[in-house]
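Asker: got a sequence here, can you model it:
(chains A and B)
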Number of protein chains: 2
Amino acid sequence: MSASRFLRACRRQPVDRTPVWFMRQAGRALPEYRRIRGEGSILESIRNPDTAAEITMQPVRRYGVDAAILFSDIVVPLAAIGFGVDITPGRGPVIERPFRSEADLARLRPLDAEADVPYVVETVQKLVGELGELGVPLIGFAGAPFTLASYLIEGGPTRDFVLTKALMHSDPGLWDRLLDALATLSLGFLSAQVAAGAAAVQLFDSWAGALAPADYRDRVLPHSRRVLEGMAGADVPRIHFGVGTAQLLELMASAGADVVGVDWRVPLGEARRRVGPERAVQGNLDPAACLAGWPVAERLTRRVLEEAGTEPGHVFNLGHGVLPETDPAVLERVVELVHTETAR
Amino acid sequence: MSASRFLRACRRQPVDRTPVWFMRQAGRALPEYRRIRGEGSILESIRNPDTAAEITMQPVRRYGVDAAILFSDIVVPLAAIGFGVDITPGRGPVIERPFRSEADLARLRPLDAEADVPYVVETVQKLVGELGELGVPLIGFAGAPFTLASYLIEGGPTRDFVLTKALMHSDPGLWDRLLDALATLSLGFLSAQVAAGAAAVQLFDSWAGALAPADYRDRVLPHSRRVLEGMAGADVPRIHFGVGTAQLLELMASAGADVVGVDWRVPLGEARRRVGPERAVQGNLDPAACLAGWPVAERLTRRVLEEAGTEPGHVFNLGHGVLPETDPAVLERVVELVHTETAR
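Answerer: Alright, predicted model coming up:
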């Protein structure tokens, strides 16, 4: 498995071809996913190891990607410790009783993986065998403290982060205790996935791009760093990703990840310069390009490869998750194109 | 009027105090606005010069801001030439028949201000007298070609700009003809407002931040430049603003504006360096800060002033529009604080 081109690229070692995977590759774009998922809550599918393992495998078979990512969700550990979360189709995570005050800290506790998320452990174990035969590593993941906090505080997805920023600025003590509890939770969730056999981890701080650099640096970065540095001993590559982080790239890169994921807003050549030679980069085809017909997807895929250059340390990915309306055939061709164009 | 601190700051001349105004200062945060607006479409209020002038004046009286901005909307000229647009409460502009193909170009034509938007001309004329007595300049505005195009193509607000990007990449010829028509429309709309007495103009490319720098440079910037350079002869300051433009700042600054507006994601010190000494900056208090209690709003207002420094060429504003739930008393105190702190 250490010969995996995905793991090698994460470690900035030379590869035979640039590895490719897609955020949300397991999901609604695939007809085989829609068939198996049915109508229930996505959390139910995640709690069923047979279903979750099958959904994780689907894009590996279909696309020939170089890594699998566990079918799960960043709110899974929150739901597992009983915070009261569901995922509403078309809306996203909804929190039953949002985080409002000091008293709500008592509703957060570290994860006891065996007791709280046995189904995740079982899914990872199932997958590791099946993927191992294919030589494809499994990526585990968790939400970063800020992004998790934004859901807990807002009660669901938000555009303006009004309540989140109000708490961050008006009660930094409580804010830090909340993010500290979430860092512990995420660390426990990542550790459990690695202990069960995940070969890499990604920490999603999807919404960090809503912040000014000074606030990110003072109120968010230390907590993300605790998660990423807490995983240092696990000896698996750590990827750190957020959307719209053009103003934060150096800071995010300093959080301790081996690989920094960027969306399409920052060309990869610039991203490489800004994150420095000690880190690999991941990205960054605009998911919208995959809905603009093959000639466009092809041209923009080539542009990503040109911007990334030929130095080791590039994992090809989209700049954000696969859009549900994407034609799987386009993603298949993207994988093929990246592999062909980068054959060394 | 040329002694106005707002106009002087736009021209990077020394001022007695840093001028302040707020994007969307005329709007839902004000109880007097909600009273006068009633339940009808916002376009109806815009079409009534008495109502539109009164709404424009409300924040000037309430907040003591240093500039008024015409109560209008970026889709007004589109509606006026009969493209079929309405503004749905809680959703935003909705296009009856979205732009789909070459044939739809025929539905766009230059603005004949006297015939198409006589109510805008009349509103501006009314305001110029009333504001002139107070020494407060009126800002006219228009949507930039890209942001207008995104509404026309998507049919309404969008998160992913899938159809917009598909057209931009798959049919650059049609894309350029569309943006050219929209540039002509915006130029006509701005010219009409200036001819009627507006003392400055702002070109809103609110959603340009969705783009990669190369696409912005090749497919968007030339059209915005045509609008801004087309206004050069009018001898009024030109402001250019977009949200989440950390990756585009130098390019946006090169479009020809005198003032570059930035949101809270880029500290103003950095913004000044990046837009260069030939341009003023406008911004950039996070609107969310105004909903976090006065101590937070105060601290973050002071931070904006520190980041802006004392060199001439700063217009204080929010980093995006006033949020509807904002307490007007907070905005009043922000104006007071900026004026007190920057008294020279």
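
Asker: how about A:A329, secondary structure?
Answerer: Classification of A:A329 using DSSP: H, G, I helix; E, B strand; the rest coil returns helix.

Asker: assign A:L221 to helix, strand or coil.
Answerer: On the basis of three-state DSSP, A:L221 is classed as helix.

Asker: dump the residue contacts of it.
Answerer: A:251-252, A:254-255 (Cβ atoms under 8 Å, 6 or more residues apart in numbering or on different chains). C-betas here are computed from N, CA, C, even on glycine.

Asker: closest one to A:L148 out of the residues you listed, please.
Answerer: A:A255 (15.2 Å; Cβ to Cβ).

Asker: run a quick neighbour tally on whatever residue of the stretch 51-200 of chain A ends up closest to chain B.
Answerer: In the stretch 51-200 of chain A, the residue found nearest to chain B is A:A166; the distance is 3.7 Å by Cβ to the nearest Cβ. By other Cβ atoms under 10 Å in any protein chain shown, 18 other residues sit near A:A166.

Asker: just the buried ones from the contacts of A:L221?
Answerer: Buried members of those, scored by 16 or more other Cβ atoms under 10 Å in any protein chain shown, are A:251-252, A:254-255.

Asker: list the ones among those residues that fall in helices.
Answerer: The members of the buried ones among the contacts of A:L221 that map onto helices under DSSP state H are A:251-252.

Asker: double-check that A:V201 belongs to a strand.
Answerer: Yes. Assigned with three-state DSSP, A:V201 falls within a strand.

Asker: ok, it to B:H169 distance?
Answerer: 34 Å (Cβ to Cβ, to the nearest Å).

Asker: what is the least confident helix or strand in chain A?
Answerer: strand A:85-88 (a mean of 92; mean pLDDT, DSSP states H and E).

Asker: just checking: what are the partner strands of the helix or strand just after that one?
Answerer: As assigned by DSSP states H and E, the chain's next helix or strand after strand A:85-88 is strand A:92-95. When pairing is defined by DSSP bridges, strand A:92-95 lines up against strand A:85-88 (antiparallel).

Asker: neighbouring contacts of the partner strand?
Answerer: A:41-43, A:73, A:75, A:78-79, A:93-96, A:151, A:156.

Asker: number of residues surrounding A:H314?
Answerer: A:H314 has 29 neighbours, counted by other Cβ under 10 Å.

Asker: give the contact list for the residue lying closest to A:G27 once chain neighbours are set aside.
Answerer: Among residues not flanking A:G27 along the chain, A:Y33 sits closest, at 5.9 Å (Cβ to Cβ, 6 or more residues apart in numbering or on different chains). A:Y33 sits next to A:26-27, A:55, A:58 when contact means Cβ under 8 Å, 6+ apart.

Asker: if we can go back for a sec, buried sites along the least confident helix or strand of chain A?
Answerer: For strand A:85-88, by 16+ other Cβ under 10 Å, it's A:85, A:87.

Asker: so which strand or helix has A:R344?
Answerer: Residue-wise, A:R344 maps onto no helix or strand under DSSP H and E.

Asker: now the strands: where do they sit in the stretch 1-150 of chain A?
Answerer: Counting by DSSP state E, counting those that start in this stretch, one finds strands in the stretch 1-150 of chain A at the ranges A:68-69, A:85-88, A:92-95, A:138-143.

Asker: sheet partners, orientation included, of the shortest one?
Answerer: In other words, strand A:68-69. As assigned by DSSP bridges, strand A:68-69 forms pairs with strand A:138-143 (parallel).

Asker: and the strand it pairs with, how far out from the chain's middle?
Answerer: The chain centroid and the centroid of strand A:138-143 are separated by 6 Å under Cα atoms, centre = their mean, to the nearest Å.

Asker: grab the nearest non-local neighbour of A:E54.
Answerer: Nearest to A:E54 is A:I36, by Cβ to Cβ, 6+ apart, at 6.1 Å.

Asker: residues touching the one you found, list them.
Answerer: Contacts for A:I36 (Cβ under 8 Å, 6+ apart) come out as A:45, A:51, A:54-55, A:58.
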